[in-house]
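Colleague: Only the shape, not the letters, is given here:
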């Protein structure tokens, strides 16, 4: 998923929650103009920005990069792992994985297989 798709997803999630751009701006501390640039794909998500937007939308950060079509669900992740994935450095890794999906499908498949193996049976 690219920057435009991620921005579109934020816009959809915001509207689905009945939130205005100004309300999301207020919840995140970002300017309405910055929210607009993010939603229109004119500005990419930095780790801290991704965390702010995800928290305001009450979702996990990786859900912004999630495809609309449901993928097979991995085994339920532990709370400890979920906490680790919320760390800003983990968000940066997730951003890189999302970019790999479009820029290097082979690398993405290898990363996905590794993560599935780590998640366990």
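Modeller: All right, it came through fine. Since the model is a prediction, treat every value here as computed from it, not as a measurement. Numbering: from 1, shown residues only.
Colleague: could you show me where the helices are in the protein, in order?
Modeller: 3-16, 21-28, 32-39, 47-57, 79-85, 88-103, 105-119 (DSSP state H).
Colleague: And the last one, what does it pack against?
Modeller: What that stands for is helix 105-119. helix 88-103 (3 or more Cβ pairs under 8 Å, 6 or more residues apart in numbering; DSSP states H and E). From N, CA and C alone the C-beta is placed, and that goes for glycine too.
Colleague: Now the helix it packs on: buried residues?
Modeller: Going by neighbour count (16 or more other Cβ atoms under 10 Å), the buried part of helix 88-103 is 90-91, 94-95, 97-101.
Colleague: Stretch 19-30 now?
Modeller: Quick answer for stretch 19-30 (16+ other Cβ under 10 Å): 19, 24-25, 27-28, 30.
Colleague: now that stretch: mean pLDDT?
Modeller: Averaging pLDDT along stretch 19-30 yields 94.
Colleague: quick revisit: can you tell me which of the buried residues of helix 88-103 is nearest residue 44?
Modeller: Set against residue 44, the nearest of the buried residues of helix 88-103 by Cβ to Cβ is residue 95 (8.4 Å).
Colleague: Is it correct that the closest one is in contact with residue 51?
Modeller: No: contact criterion Cβ atoms under 8 Å: residue 95 and residue 51 do not qualify, at 11.1 Å.
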